[in-house]
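> model this:
(4 chains)
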There are 2 protein chains.
Amino acid sequence: MEKYEKFGTKEKILDVALESFSTSGFDATSLDAIAKSLGIRKQTILYHFTTKKGLLNAVVERAAENLITSIEEVLSSELKGWERIEALAKMIFRLALREPLLLGLLREVSRPGSVGSERLKILMTPLMDRATLWMQTEMGAGRMRRTDPRLVILSAYSTVVGLATEIEVLRAAGIEQALRPVAIRRRELMRFLRVSLDPDYSQSR
Amino acid sequence: MEKYEKFGTKEKILDVALESFSTSGFDATSLDAIAKSLGIRKQTILYHFTTKKGLLNAVVERAAENLITSIEEVLSSELKGWERIEALAKMIFRLALREPLLLGLLREVSRPGSVGSERLKILMTPLMDRATLWMQTEMGAGRMRRTDPRLVILSAYSTVVGLATEIEVLRAAGIEQALRPVAIRRRELMRFLRVSLDPDYSQSR
DNA sequence: ATTATTATTTACCAATTGGTAAGTTAAACT
DNA sequence: AGTTTAACTTACCAATTGGTAAATAATAAT
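Okay, the predicted model is just below:
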């Protein structure tokens, strides 16, 4: 058991940090600000995470767990070929709508030079490798059209990250109900995936 | 005439600032760093732009001029309806490829909370209004399918901003030649615009 | 009850940062 | 030549920031 923990301070810190990192960005977030909004001292944060970078990594890691769990869920299903991809895409969009902060974090951390990008890469590469491998066997079995798996995956990835921008831009323009544009985006992604992957899909152009 | 100006210091500052803002972000860019990389003192920057925010605004403004000039060029053509839109989209993608820093800046400044977002909005609303108006008359004349112009424009806008992410992600993954994904993106955007706007286009789905 | 461990705080600090104020240099105007 | 003005620098500063060290409180283990 976890000894005692007063009352989940660590989790609370992660919550506030996620919020701030994903909306204001890493640099614009100060430990003091996080601490203040929690009614604790900055040193408490450093006690739990030693450095600011450590805090970001922890935030990223928790978010990634969140994501990976959802992915595993889909992967454990019996779906094959195209249908499996479709299920994955749907899941991602559902998750993105339910927890928009994840998107913001992803965008923040996706910038190559950014502080969290290394950790993100470490967390993502296994997923990427696995997906690539699977796609290759599917292609081998003729259940999937032949293309460069990496390109497809990364393109899909950046579509999802782009969602963050889109939702924010729409909100800034006073369009609160961002559901329709998101649905459009999803349909676009589906179509893109279908065109590049589904062998039973006539590429009419 | 402009008195003398030693040797375009102001422009050089803007160049370096654009580079840094668009790749590292506003917060991660220090005036000292910019100054150092130019071999001048920080106070010279402040002499020309008074505040850091002022510098960002100047960078944004110059970028916007750049963009607006290109837009005017297309708008002065004789193209009507769908063809005009197509020309605009092509121009934007050409510009984005030629000057990728513009994209980075746009993404940096598109975040609602960000320092430059107000200025961006000020610069963009006239364009937006003009585009909306034009689209409405086109719709009235039956040369364009009826939809919400704002939604279409913003969707196109975020597609372009999303390009920044995509190019960066691909580069981070070691894919230098990002031309193909960009081409795909452009085709997608065209298709989206066509489906929502071109009345002569059969919406086969 | 005492001790060990975990959690949190108070007290500091060195570095960085944006910005002010007051020179200094050099060209332009008279 | 002398004055004005634009361009740039040196000298500072106050605030913020991430981080260290040591003290204190709270809980668990003996």
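
> Up against DNA strand D, what does chain A have?
Residues of chain A that fall close to DNA strand D, judged by Cβ under 7 Å from any atom of the strand: A:3-4, A:6, A:29-33, A:42-43, A:46, A:50-53. Where C-beta positions appear, they are placed from N, C-alpha and C, glycine not excepted.

> Quick check on the residues you listed: which are buried?
The neighbour-count test (16 or more other Cβ atoms under 10 Å in any protein chain shown) marks A:29, A:31, A:52 as buried among the residues of chain A next to DNA strand D.

> The last one and A:Ala17: what is the separation?
Between A:Lys52 and A:Ala17 the distance, using Cβ to Cβ, to the nearest Å, works out to 9 Å.

> Does A:Leu79 fall in a helix, a strand, or a coil region?
Three-state assignment for A:Leu79 (DSSP: H, G, I helix; E, B strand; the rest coil): coil.

> picking up where we left off before, list just the nearest of the buried ones among the residues of chain A next to DNA strand D to A:Pro199.
Closest approach to A:Pro199 among those (Cβ to Cβ): A:Thr29, at 46.6 Å.

> Can you flag which of the buried ones among the residues of chain A next to DNA strand D belong to helices?
When these are checked against helices using DSSP state H, the ones located there are A:31, A:52.

> Could you dump the buried ones among the residues of chain A next to DNA strand D into a markdown table and include pLDDT?
What follows is these, written out as a markdown table (pLDDT from 0 to 100):
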| residue | pLDDT |
| --- | --- |
| A:Thr29 | 97 |
| A:Leu31 | 98 |
| A:Lys52 | 98 |
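
> Return the closest of the buried ones among the residues of chain A next to DNA strand D with respect to B:Leu189.
Proximity of these to B:Leu189 (Cβ to Cβ) peaks at A:Thr29, which lies at 33.3 Å.

> my read: the closest one touches A:Ser22, true?
No. Here A:Thr29 lies out of contact with A:Ser22, judged by Cβ atoms under 8 Å, at a distance of 9.7 Å.

> What is the nearest of the buried ones among the residues of chain A next to DNA strand D to B:Met128?
Within these, proximity to B:Met128 (Cβ to Cβ) peaks at A:Thr29, which comes in at 30.8 Å.

> residues contacting that closest one?
Under the criterion of Cβ atoms under 8 Å, 6 or more residues apart in numbering or on different chains, the neighbours of A:Thr29 are A:17, A:20-21.

> would you list every one of the helices in chain A?
So, for chain A - with DSSP H - the helices run A:9-24, A:31-38, A:42-49, A:52-75, A:81-98, A:100-110, A:117-140, A:149-172, A:179-197.

> Go through the ones you listed and pick out the most buried.
Between the helices of chain A, helix A:100-110 has the highest mean count of neighbours, a mean of 23, where neighbours are mean count of other Cβ atoms under 10 Å in any protein chain shown.

> pLDDT of that one, averaged?
Helix A:100-110 carries an average pLDDT of 92.

> Same question for stretch A:124-138.
Averaged over stretch A:124-138, pLDDT sits at 93.

> go on, stretch A:160-179?
If you average the pLDDT over stretch A:160-179, you get 81.

> Any chance of the backbone angles for A:Lys80?
With angles defined as degrees, to the nearest 10, A:Lys80 shows backbone torsions of phi -120, psi 160.

> If we ignore the residues flanking it in sequence, what's nearest it?
Counting by Cβ to Cβ, 6 or more residues apart in numbering or on different chains, A:Arg143 is the residue found nearest to A:Lys80 once chain neighbours are left out, at 6.7 Å.

> Contact partners for the residue of chain A found nearest chain B?
Nearest residue of chain A to chain B: A:Gly162, at 3.0 Å (Cβ to the nearest Cβ). Counting by Cβ under 8 Å, 6+ apart, A:Gly162 makes contact with A:185, B:158-159, B:161-162, B:165-166.

> is stretch A:105-120 anywhere near DNA strand C?
No. Contact of stretch A:105-120 with DNA strand C is not found when judged by Cβ under 7 Å from any atom of the strand; the minimum separation is 13.9 Å.

> same check, this time on stretch A:34-41
Yes. Part of stretch A:34-41 sits near DNA strand C under the criterion Cβ under 7 Å from any atom of the strand, namely A:40-41.

> what residues does that stretch touch?
When contacts are defined by Cβ under 8 Å, 6+ apart, stretch A:34-41 is touched by residues A:9, A:12-13, A:16-17, A:20, A:42, A:44-45.

> Stretch A:98-107 close to chain B?
Yes. Judged by Cβ under 8 Å from any Cβ of the partner chain, stretch A:98-107 comes into contact with chain B at A:Arg107.

> Alpha carbons only: can I get stretch A:193-200 in CSV?
Taking C-alpha atoms only, stretch A:193-200 is exported to CSV below (Å, rounded to 0.1, in the frame of the first residue of the first chain):
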residue,chain,number,x,y,z
LEU,A,193,-7.2,6.4,-44.2
ARG,A,194,-9.7,4.6,-46.4
VAL,A,195,-8.1,5.9,-49.6
SER,A,196,-4.7,5.0,-48.5
LEU,A,197,-5.4,1.7,-46.8
ASP,A,198,-8.7,0.0,-47.7
PRO,A,199,-8.2,-2.3,-50.7
ASP,A,200,-11.9,-2.7,-51.2
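
> And for it, what's in contact with it?
The list of residues contacting stretch A:193-200 from outside it, by Cβ under 8 Å, 6+ apart, reads A:81-82, A:85-86, A:89, A:135, A:142-145, A:147, A:152, A:156, A:201, A:203.

> Show me which residues of chain A are close to chain B?
By Cβ under 8 Å from any Cβ, the residues of chain A that approach chain B are A:23-25, A:27-28, A:107, A:110-113, A:117, A:121, A:150-151, A:154-155, A:157-159, A:161-162, A:165-166, A:168-173, A:175, A:180-181, A:184, A:188, A:191-192, A:204.
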